[in-house]
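1. Quick one: sequence plus predicted model below, questions after.
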Amino acid sequence: MLAERMKSIEGSGVRRMFDLIATMDRPINLSIGQAHYDAPEEVKAAAIRAIREGYNRYTVTEGMASLCAATLDRLEEDRGYRPEAILMTAGVSGGLLLSSMALLDPGDKVLLPDPYFVMYKNVLALAGAEAEYYDLYPAGPGRPWRPDLDQLRALIGPRTKAVLINSPGNPTGGVWPAEMLGELVALCREHGVWILSDEIYEHFVYDAPFASIVPEMRGYDRVLALGGFSKTYGIPGWRLGWAVGPEAVLEAMKILQQYTFVCAPSPLQHGALAALDVDMGARRDEYRAKRDLVHDRLAGRFDLVPSEGSFYAFPAYPRGWTEQEFVQACLEERVLVVPGSSFSRRDTHFRLSFAAEDDVLDAGLSVLCEIADRRR
Ligand code: PMP
């Protein structure tokens, strides 16, 4: 009955977690992929005002001119380069679908990070493209989540069309330093390979300024960057993001948007415009403190690299535990974490989201330590 392509698409493990939570009494939920805070009042007020004032019709396909210009201004200000073209998308998810459909032919290969955000491989499958994986697992104890560019180079073949990068990363919390982005661009230029950069967690970087791929667009024209409003401003349900890069690709994505999403939600684009003026620095500081708490509490018992960004930590299961046993033990204590095999070809780690109130986080960390102690 169903189309053949459905055989290559998997239901998301994270969504399964949502279903499970709905059946639980007082869950300690450390599985959440969105900020724990609500949108700033002025952002909500701007969206409500827009609805009242009648901004309820379609916007132009690429998004409201004022929002496009303000987003480009912000990128130029923060990242030192103004991209050639922009499209407002239905979240980064919308941008991932449109960019894959615009760039990839069946049989093309795309190098994805492992661990990866679950949507990537499924979006590739929709485009008929194939995923290959470059490894991010730390090269040794205490080492960060980073690619080995020599390994990445060895994976590039005649059908390799693009490399996807995600910094700060979900689920690892790893961040690419600027020099490494430069090295990646040099490598991709050698082989004419595209770079697709998912920068949705740009705001959540704790130890160094955020290094974006955007400035690299100055010297290499096969670069697309995707970003959004969901995580930073606590508005994931608004479905708003942006894609920037070369005019020709953005134009193709815009044509595809005409027949799919049509436009990003119009009154909410007014809210996003207001959001660009809101300083979320205090939230970043709050999340840095949560990152520190996670690391301080788990470090003695779990093999764990401190998250450099995003709001996830990706610790290894303690010695003596399989994934199945550990996640089950957590569930019995009402603690929800996401098994690492949902994001990886390996099943050695789990994702813990620290986008939670401190008391919930604290309770969850105590349970994780108690479970680890059972087999010490
Ligand atoms: N990329 C990554 C790495 C994510 O974690 C998420 C959300 N979980 C998205 C993209 C999708 O974000 P959006 O709400 O903008 O579609």
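-> Ah, there it is.

2. In three-state terms, how would residue 217 be classified?
-> What DSSP: H, G, I helix; E, B strand; the rest coil gives for residue 217 is helix.

3. Pop out the phi and psi values for the nearest residue to it once chain neighbours are set aside.
-> Using C-beta to C-beta, 6 or more residues apart in numbering and skipping the chain neighbours, the partner closest in space to residue 217 is residue 223 (4.9 Å). Placement of C-beta: from N, CA and C, glycine included. Main-chain dihedrals, residue 223, degrees, to the nearest 10: phi -130, psi 130.

4. tell me the contacts of residue 223?
-> 185, 194-195, 197, 213, 216-217, 245-246 (C-beta atoms under 8 Å, 6 or more residues apart in numbering).

5. Helices - which of those residues land there?
-> Among the contacts of residue 223, the ones falling in helices (DSSP state H) are residue 185.

6. where does the chain have low pLDDT?
-> Under the criterion pLDDT under 70, the flagged ranges of the chain are 13-16.

7. now the helices for it?
-> Secondary structure of the chain (DSSP H): helices located at 13-22, 41-52, 65-79, 91-103, 119-127, 149-155, 178-191, 247-258, 266-275, 281-298, 323-332, 358-373.

8. elements contacting the fourth one?
-> Read that as helix 91-103. Helix 91-103 sits against strand 85-89, helix 119-127, strand 194-198, strand 223-228, strand 241-245, helix 247-258, with contacts defined as 3 or more C-beta pairs under 8 Å, 6 or more residues apart in numbering; DSSP states H and E.

9. Find the closest residue to the ligand in the stretch 51-200 of the chain.
-> residue 91 (2.5 Å; C-beta to the nearest ligand atom).

10. what's the burial count for that residue?
-> Residues lying near residue 91 (other C-beta atoms under 10 Å) number 23.

11. Then residue 20?
-> Look at residue 20: counted by other C-beta under 10 Å, it has 13 neighbours.

12. Confirm for me that it is in contact with residue 335.
-> No: assessed by C-beta atoms under 8 Å, residue 20 is found out of contact with residue 335, at 11.9 Å.

13. How many neighbouring residues does residue 227 have?
-> That count, for residue 227 with other C-beta under 10 Å as the rule, works out to 26.

14. gap between it and the ligand?
-> Counting by C-beta to the nearest ligand atom, to the nearest Å, the gap from residue 227 to the ligand is 8 Å.

15. before we move on, what about residue 374?
-> Computed with C-beta to the nearest ligand atom, the distance linking residue 374 and the ligand is 31 Å.

16. what sits against the residue lying closest to that residue once chain neighbours are set aside?
-> Nearest non-adjacent residue to residue 374, counting by C-beta to C-beta, 6+ apart: residue 329, 7.7 Å away. By C-beta under 8 Å, 6+ apart, the contact set of residue 329 is 321, 371, 374.

17. Buried subset of those residues as a PyMOL selection?
-> Those of the contacts of residue 329 that count as buried under 16 or more other C-beta atoms under 10 Å are selected in PyMOL with:
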select buried, resi 321+371
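
18. Done for today, thanks.
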